[in-house]
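Participant: Turn this into a structure:
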Amino acid sequence: MQCLCWIAGAIYTSENSQVAIVDSLLESNYVMHFEEESHGGGAYINGTSVLTLNNTQIRNNSADYNGGGVAMGSKR
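Facilitator: Residues are numbered from 1 along each chain as shown. Below you'll find the model as predicted:
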């Protein structure tokens, strides 16, 4: 998966989500700077969301602000 994005790279979860990723590769995603919202090149997990990874690789992702591979937090 490859993405050039503004807020999250491959995956963005909304508040209180449950996401499972199985047998996957999140690779070479880049999140560009946009008003301090460029979080999680591979994935951005919002609020109380749960991300479950099984046999999944996250590599070579980057973000201008936070979390090259994965960022977790709460949107303002």
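
Participant: Which parts of this protein are strands?
Facilitator: Under the criterion DSSP state E, the chain carries strands at the ranges 4-5, 11-12, 18-22, 25-27, 30-31, 43-46, 50-54, 57-59, 62-63, 70-73.

Participant: starting at the chain centroid, how far to the second one?
Facilitator: What separates the centre of strand 11-12 from the centre of its chain is 5 Å, taken as Cα atoms, centre = their mean, to the nearest Å.

Participant: so where's the protein shaky on pLDDT?
Facilitator: The model of the chain has pLDDT under 70 over residues 1-7, 34-38, 74-76.

Participant: Quick one: residues in contact with stretch 43-55.
Facilitator: Stretch 43-55 has contacts (Cβ atoms under 8 Å, 6 or more residues apart in numbering) with 7-24, 26, 58, 67, 69-75. All C-beta atoms are positioned from the backbone trio N, CA, C, and that covers glycine.

Participant: Skip the chain neighbours and tell me the closest residue to N66.
Facilitator: Nearest non-adjacent residue to N66, counting by Cβ to Cβ, 6 or more residues apart in numbering: H39, 4.6 Å away.

Participant: From S28, how far off is that neighbour?
Facilitator: H39 is 17 Å from S28, where distance means Cβ to Cβ, to the nearest Å.

Participant: Which one of these two is surrounded by more residues?
Facilitator: H39 (24 against 17; other Cβ atoms under 10 Å).

Participant: I11 reaches G41, doesn't it?
Facilitator: No. The pair I11 / G41 is not scored as a contact, 10.3 Å apart, by Cβ atoms under 8 Å.

Participant: The two: which is more packed in?
Facilitator: G41 (29 against 20).

Participant: separation between the nearest residue to that one once chain neighbours are set aside and S17?
Facilitator: Sequence neighbours aside, N61 is the residue nearest to G41 in space, at 3.1 Å (criterion: Cβ to Cβ, 6+ apart). According to Cβ to Cβ, N61 and S17 sit 20 Å apart.

Participant: of these two, who's got more company?
Facilitator: Neighbour count, other Cβ under 10 Å: between N61 and S17, N61 has more, with 24 against 14.

Participant: was I right about the more buried one contacting L25?
Facilitator: No. With contact defined as Cβ under 8 Å, N61 does not count as touching L25 (10.7 Å).
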